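Asks: Give me a model of this one.
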Amino acid sequence: MEGHCELCGAYTNSLASYVIESSRMQVCRNCAAFGKRERSPSQVRAIHAKLNSPAFKQRIKTYQRDIKKQKQDRFDLESGERVIDEYASVLRDLLRREQLTPELLAKKIGEKESYLSAIISGHMRPSIEAAKKIERQYKVSLVEAFDNRSAGTSAVVKTKSNDSFEGLTFGDLIKKQMGNK
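Replies: Got it, this is the predicted structure:
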């Protein structure tokens with residue numbers, strides 16, 4: 001299509017329809033960088049058909065189920081256990097001390113190397129099951145007990161040895177500050 005660019009006014013024989021700041025405009029190649037190419041009605045229909053297809057919906061359900069399982073694996077509310085926050089540094093120290101490679105550790109505990117590498121780098125928190133495998137094999141502490149009555153709302157941690165609570169909750173700190181005024 002030829003004509004004047006609606007943005008800069010230049011005359012060209014190659015105008016295209018772009019959306020720039022929520023406005024549909026016929027612009028030249030130079031001004032096209034300021035927006036996104038408008039999709040044709042057939043392209044829009046194809047995208048909607050793909051998003052509404054049973055295969056795509058199944059992939060979304062599978063992804064959501066996997067994410068939910070990963071989150072559940074990090075905290076076991078029934079047993080009151082969770083993976084410690086310092087898991088990555090404990091694992092790096094373990095690798096140095098035992099002179100292991102991530103590949104060898106992955107083989108010994110029966111996990112994928114890519115999964116273990118993500119854990120060691122701190123990009124992913126290990127599941128309780130994986131952490132317990134490492135604990136049993138190498139006598140390190142990666143799982144701790146926590147107060148499941150206040151899961152996610154408190155900084156209180158229960159130790160395995162004496163089941164007493166150490167530290168203050170955020171609520172205790174607020175009450176203490178309010179009492180000082």
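Asks: what's the distance between S42 and A49?
Replies: From S42 across to A49, the span is 10 Å (CB to CB, to the nearest Å). Using the backbone N, CA and C atoms, a C-beta is placed for each residue, glycine as well.
Asks: ignore the last one, K57
Replies: Computed with CB to CB, the distance linking K57 and A49 is 12 Å.
Asks: Then L105?
Replies: Per CB to CB, L105 is found 46 Å from A49.
Asks: between those two, which one's more packed in?
Replies: Using other CB atoms under 10 Å as the criterion, L105 and A49 rank with L105 on top: 22 against 10.
Asks: any idea which helix or strand comes after the strand or helix carrying that one?
Replies: In this structure, L105 sits in helix 102-109 according to DSSP states H and E. Helices and strands here follow DSSP H and E; after helix 102-109, the next one along the chain is helix 113-120.
Asks: Please compute how far that next one lies from its chain's middle.
Replies: Distance of helix 113-120 from the chain centroid (CA atoms, centre = their mean, to the nearest Å) equals 15 Å.
Asks: ok, now stretch 5-17?
Replies: Here stretch 5-17 shows a centroid-to-chain-centroid distance of 43 Å under the convention CA atoms, centre = their mean.
Asks: Can you name the residues in contact with that stretch?
Replies: 1-4, 20, 24-32, 34, 37-38 (CB atoms under 8 Å, 6 or more residues apart in numbering).
Asks: Which ones among those residues map onto strands?
Replies: In this view, the contacts of stretch 5-17 that belong to strands under DSSP state E are 3-4, 20, 24-27, 37.
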